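K.L.:
structure, please.
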Amino acid sequence: MNEVNTKHVYPEDPSKTYGLMELVKGTKPTVGLPPDDMVFTWPHLLVRELTLFVVVVAVLLLLAFLFNAPLEEIANPNHPPNPAKAPWYFLGLQELVSYSAVIGGVMIPTLIIAGLAIVPFIDRKKAGIGIWFAKERSLANGLFLTFLIVMLVLIIIGMYFRGPNWGFVIPWESTAGN
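P.N.:
Here you go, the predicted model:
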């Protein structure tokens, strides 16, 4: 590019604090846009993120002060709880392990991790990237939704439908009256 074209495309302005270092051919979304059409990360994005962070922390603190955590008694090794349940985020895995230790504890998690690792190599489409629930990405969205529903069902079964000795119970049929 010669000197005349450069001054015409990007006129010099003494109030600007940046400079054009070089011109590069490419396919980025910002190629071809003059620097005036770009927005700096600071302060525009980071101030919004910081504001959202402060609001979320304030709401969590308010909820923590208003509601007590549902804690149980101090752990007693002489009388462990029956059943000993994992935290809610591991209950789906505990439910899988209750059916088969090898299949539920080793094979299914390995298949999930391997499947997640090969997704970028299988799904090479550029259409719909960055758009929530894009019609072009219905297979990927469907697979994720299926995985999410299966895990939620397993967590709910482990949380509410498992009783002593990990037996299946129906939670609304109370035995308190017997």
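K.L.:
poorly predicted segments of the chain, please.
P.N.:
Applying pLDDT under 70 to the chain picks out residues 1-38, 174-178.
K.L.:
that one: helices as residue ranges?
P.N.:
Using DSSP state H, the helices found in the chain span residues 3-9, 44-66, 91-99, 101-102, 108-122, 138-160.
K.L.:
any chance of the ones you listed in JSON lines, with distance to residue 128 and mean neighbour count too?
P.N.:
Where you see a C-beta, it was placed from the backbone N, CA and C, and this is true even at glycine. Below are the helices of the chain laid out as JSON lines (distance: least, Cβ to Cβ, whole Å; neighbours: other Cβ atoms under 10 Å):
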{"stretch": "helix 3-9", "distance to residue 128": "33", "mean neighbour count": "9"}
{"stretch": "helix 44-66", "distance to residue 128": "24", "mean neighbour count": "10"}
{"stretch": "helix 91-99", "distance to residue 128": "29", "mean neighbour count": "18"}
{"stretch": "helix 101-102", "distance to residue 128": "38", "mean neighbour count": "10"}
{"stretch": "helix 108-122", "distance to residue 128": "14", "mean neighbour count": "11"}
{"stretch": "helix 138-160", "distance to residue 128": "9", "mean neighbour count": "13"}
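K.L.:
residue 169: which of the ones you listed is closest?
P.N.:
Between residue 169 and those, the tightest spacing by Cβ to Cβ is seen for helix 138-160, at 8.6 Å.
K.L.:
can you tell which of the helices of the chain is closest to residue 76?
P.N.:
Comparing the helices of the chain by their distance to residue 76 (Cβ to Cβ), the top pick is helix 91-99, with 21.4 Å.
K.L.:
now do that closest one: everything it contacts.
P.N.:
Residues outside helix 91-99 that contact it (Cβ atoms under 8 Å, 6 or more residues apart in numbering) are 85-86, 103-105, 108-109, 151-152, 154-155, 157-159, 162, 166.
K.L.:
let's go with 10 Å and repeat that
P.N.:
Residues outside helix 91-99 that contact it (Cβ atoms under 10 Å, 6 or more residues apart in numbering): 83-87, 90, 103-109, 150-162, 166.
K.L.:
cool, and stretch 118-138?
P.N.:
Stretch 118-138 has contacts (Cβ under 10 Å, 6+ apart) with 115, 139-141, 143-145.
K.L.:
closest one of the residues you listed to residue 56?
P.N.:
Taking Cβ to Cβ as the measure, residue 144 is the one of these closest to residue 56, at 24.2 Å.
K.L.:
the closest one and residue 133, how far apart?
P.N.:
Per Cβ to Cβ, to the nearest Å, residue 144 is found 10 Å from residue 133.
K.L.:
please apply the same query to residue 164.
P.N.:
Residue 164 sits 42 Å away from residue 133, going by Cβ to Cβ.
K.L.:
and what of residue 127?
P.N.:
13 Å.
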